[in-house]
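# please work out how this folds:
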Amino acid sequence: MPAGRSAAMEGDYSTRPGADTAFESVERLCGSLGITLTRQRRIVLEVLQQATDHPCATEIRRRISRKRRVALATVYRTLNMLTEAGILKRSLFSDGRARYEILGRRAHPHLIDVTTGEIVEVDDEDLARQIEKVAQRLGYRLVDFHLKILGAGAAK
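Residues are numbered from 1 along each chain as shown. Below is the predicted model of the structure:
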């Protein structure tokens, strides 16, 4: 498996710690907004819940197993509806594709490999604390942050 890729990115949807609770929260939020979670919508949300990256619509469709059929058009409709409802966050990276993640996660930087376009989440508590300290030093309370780190993959 390439560096930075996880089993979840390859289609193994075993749950991560806390994933059930987080998914139940998303289900409750959808219910409170009057959004019916059809089988197809659940599958799209399941893929996003298990993702350790920010997949685009075609990548989400690829990760859905062949046994669980969901049309690409349905993936797009689901992503648009859940983004408009404030459940998903749509981000545009340098490759020009809209990429998605479920809202409510702690802010985190992204490392973008300028050679391959791979986007890796940098989940580093020390870095997040440093960013918060900078905001405080400048007289601000950190509400959120977006940090893109650009790098070229090391020769393998």
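# buried ones in the helix or strand where residue 89 lies?
Following DSSP states H and E, the helix or strand that holds residue 89 is strand 88-92. Neighbour-count burial for strand 88-92 flags residue 88 (criterion: 16 or more other Cβ atoms under 10 Å). From N, CA and C alone the C-beta is placed, and that goes for glycine too.
# quick one: the strands in this structure?
Counting by DSSP state E, the chain has strands at residues 88-92, 98-102, 110-113, 119-121, 148-151.
# quick one: the ones you listed as a markdown table, columns for distance to residue 54 and mean pLDDT too.
A markdown table is the format used below for the strands of the chain (distance: least, Cβ to Cβ, whole Å; pLDDT from 0 to 100):
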| stretch | distance to residue 54 | mean pLDDT |
| --- | --- | --- |
| strand 88-92 | 6 | 87 |
| strand 98-102 | 4 | 88 |
| strand 110-113 | 7 | 78 |
| strand 119-121 | 6 | 74 |
| strand 148-151 | 12 | 80 |
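# so can I have CSV of those strands showing distance to residue 127?
Compiled in CSV, the strands of the chain are given as follows (distance: least, Cβ to Cβ, whole Å):
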stretch, distance to residue 127
strand 88-92, 19
strand 98-102, 18
strand 110-113, 11
strand 119-121, 12
strand 148-151, 9
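# what about the closest residue in space to residue 132 that isn't next to it in sequence, how many neighbours?
Excluding its sequence neighbours, the residue lying closest to residue 132 (Cβ to Cβ, 6 or more residues apart in numbering) is residue 142, at 4.7 Å. For residue 142, the neighbour count with other Cβ atoms under 10 Å is 14.
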